[in-house]
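Asker: Provided below for reference: sequence and predicted model.
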Amino acid sequence: MNTPRRIVLESQGLSLVDLRAIHSGEAVLSLGDEVRSGVAAAQAAVANIVAGGQVVYGINTGFGKLAQTVIPHERLAELQRNLVLSHSVGTGEPLPDAVVRLVLATKAVSLARGHSGVRPEIIDALLSLLEAGLLPRIPSKGSVGASGDLAPLAHLACVLIGEGRVLTPEGEVVTGAEAMKRIGLAPFVLGPKEGLALLNGTQVSTALALSGLFGAESVFAAGIMSGTLSLEAIQGSVKPFDERIHAARGQPGQIAVAAALRTLLDGSEIVPSHADCGRVQDPYSIRCVPQVMGACLDNLVHAARVLTTEANAASDNPLVFTDTGEVISGGNFHAEPVAFAADIIALAVSEIGAIAERRIALLLDTGLSGLPPFLVRDGGVNSGFMIAQVTAAALASENKSLAHPASVDSLPTSANQEDHVSMATFAARRLADMVNNTAVVTGIEAMAAAQGIELKRGTNGGLRSSDIVEAEFSGIRNKVAFIEQDRYLADDVEAMRLWALRSEWPAPVAAILPSRAAAPIH
């Protein structure tokens, strides 16, 4: 495995490209000097408040509904430790490793904004855990996405005080104390506000949503490629991709997708072979790929912008302002922006799968595609892709239910002090299932389209598509063979699911993905 590149965290924060590299384990973080000095200044401001005997929420008071309870100086360390332990009530399967890497990084970035009042050493410890591959075991359920991701972030904070559980790079689960020992540190005795700063924030929701975004990019690219293969399989028209049509509407995602399709098909022998076939208009699932996938792309770009901003945000409460020495309570922990962004990603992922499933149905319908029924010779004895399309339909339908906005729900917590919440954590967490479903659908489409192309070659003199499309066709054939007669297909479906989830795509498609674009989103 390659050595991860080091990103030095400065005041401008992380780009979406940086966040994707951390998610994939290709990058680690460390604090720059300017950032470190700002963190130290905020910590000094908190120390001055305590030394001066001022009463300030989050520093020497209780929390939530108990904010009016003043805590004596000699019990402040106990207050912070009890806060972390009492909030460690998460449940469910642990978050995936890639998500935990983002949680560690974004929590460090938030604290490094210099508004949280923690010691620089706290942030260093988080980044040391990230670099060592020591990943806190964070249960996936238990946050409503307001007052921050309290329960899951408590499980992260537990490690710093020597509690909780940590997954090592070797796959062993060790105690928080052992993990701290492995990075050369004793467990922290948390100072005033440090426990609250670690728990308050949107980092778990944001990390889950970013992970969902990166998965959405993969299935978006898969949908572009599978749709291109389907167009060649049915000898569809490229006239709907004419640049003038899309310029006349002006939607940026639509323009970008149409341009990508034109480039993908440039040099195809199949396209000009049927220029005078009399086919006027293809079904919408072929003809409107730029309009549908372009709208999906615009939504992904918008979500990427929101999530990149949030990943660099100070989202705990209260916040320290060192220029005046004030500590001001607010609501930056409310994850409504993340919830909306996750809901938008969910809509895009659902639509990518929905239109791909319709193209599978088109390929299998001999009256529309001109291909053998269910894409198999000797039909009747062989069922071909009949039930693969049923699987695709089942998953596309499931995604439609999962795409229901989570952000429209709210349940009050903390004795009605926290009376409106975002549900951002679930909004983001469900994206993983949706991405996986759409990966299966687009994978089945690509496999079916490759079958169609090969069947068509028996009647069109062996015409080839463009170099890019032929390379993709060959890559699919390296994973799944042509279906001459019925066989066990589950392994083929799994191979194509992985095809759809890959991170590397042909340049015309990769260039329009939010985290791969030439101008990274900040």
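Answerer: Thanks, I have the structure now.
Asker: ok, then the element right after the helix or strand hosting Leu19?
Answerer: Element membership for Leu19, per DSSP states H and E: helix 16-23. Scanning forward in sequence from helix 16-23 by DSSP H and E, the next helix or strand is strand 27-31.
Asker: mind listing residues that contact that next one?
Answerer: Strand 27-31 is contacted from outside by 4-9, 18, 21-22, 39, 105, 108-109, 112, 120, 123-124, 127, 130-131, using CB atoms under 8 Å, 6 or more residues apart in numbering. (Glycine included, C-beta is placed from N, CA and C.)
Asker: going through those residues, which ones are buried?
Answerer: Among the contacts of strand 27-31, those classed as buried by 16 or more other CB atoms under 10 Å are 4, 7, 9, 18, 21-22, 39, 105, 108-109, 112, 120, 123-124, 127, 130-131.
Asker: just those: which are in strands?
Answerer: Ile7, Leu9 (DSSP state E).
Asker: which of the buried ones among the contacts of strand 27-31 fall in helices?
Answerer: Within the buried ones among the contacts of strand 27-31, residues falling in helices by DSSP state H are 18, 21-22, 39, 105, 108-109, 120, 123-124, 127, 130-131.
Asker: return the member of those residues nearest to Gly184.
Answerer: When those are ranked by distance to Gly184 (CB to CB), Asp124 comes first, at 10.6 Å.
Asker: show me the contacts for the closest one.
Answerer: Neighbouring residues of Asp124 by CB under 8 Å, 6+ apart: Leu31.
Asker: and Ser218, by the same measure?
Answerer: Applying CB under 8 Å, 6+ apart, the residues contacting Ser218 are Val435, Ala439, Ala500, Leu501, Arg502, Ser503.
Asker: PyMOL command to pick out the buried ones of those residues?
Answerer: The PyMOL selection below is limited to those of those classed as buried (16+ other CB under 10 Å):
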select buried, resi 435+439+500+501
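Asker: ok, of the contacts of Ser218, which one's closest to Gly384?
Answerer: Nearest member of the contacts of Ser218 to Gly384, counting by CB to CB, is Ala500, at 20.6 Å.
Asker: the closest one touches Phe220, doesn't it?
Answerer: No - if you go by CB atoms under 8 Å, Ala500 and Phe220 don't touch, sitting 9.9 Å apart.
Asker: give the other helices and strands that the helix or strand that contains Ile444 contacts.
Answerer: Assigned by DSSP H and E, Ile444 belongs to helix 431-457. Other elements packing on helix 431-457 under the criterion 3 or more CB pairs under 8 Å, 6 or more residues apart in numbering; DSSP states H and E are helix 203-234, helix 336-364, helix 386-402, helix 467-479, helix 490-500.
Asker: pLDDT of that helix, averaged?
Answerer: In this model, helix 431-457 has an average pLDDT of 97.
Asker: rewinding a little: with distance to Thr263 and pLDDT as extra columns, can I get the ones in helices among the buried ones among the contacts of strand 27-31 in CSV?
Answerer: Putting these into CSV (distance: CB to CB, whole Å; pLDDT from 0 to 100) gives the following:
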residue, distance to Thr263, pLDDT
Asp18, 28, 96
Ala21, 26, 96
Ile22, 31, 97
Val39, 47, 96
Ala105, 35, 98
Ala108, 40, 97
Val109, 36, 97
Pro120, 48, 96
Ile123, 44, 98
Asp124, 46, 98
Leu127, 41, 98
Leu130, 38, 98
Glu131, 40, 97
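Asker: JSON lines please, covering the residues you listed and showing distance to Ala449.
Answerer: Formatted as JSON lines, those follow (distance: CB to CB, whole Å):
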{"residue": "Asp18", "distance to Ala449": "35"}
{"residue": "Ala21", "distance to Ala449": "32"}
{"residue": "Ile22", "distance to Ala449": "35"}
{"residue": "Val39", "distance to Ala449": "53"}
{"residue": "Ala105", "distance to Ala449": "38"}
{"residue": "Ala108", "distance to Ala449": "44"}
{"residue": "Val109", "distance to Ala449": "42"}
{"residue": "Pro120", "distance to Ala449": "54"}
{"residue": "Ile123", "distance to Ala449": "49"}
{"residue": "Asp124", "distance to Ala449": "51"}
{"residue": "Leu127", "distance to Ala449": "45"}
{"residue": "Leu130", "distance to Ala449": "41"}
{"residue": "Glu131", "distance to Ala449": "43"}
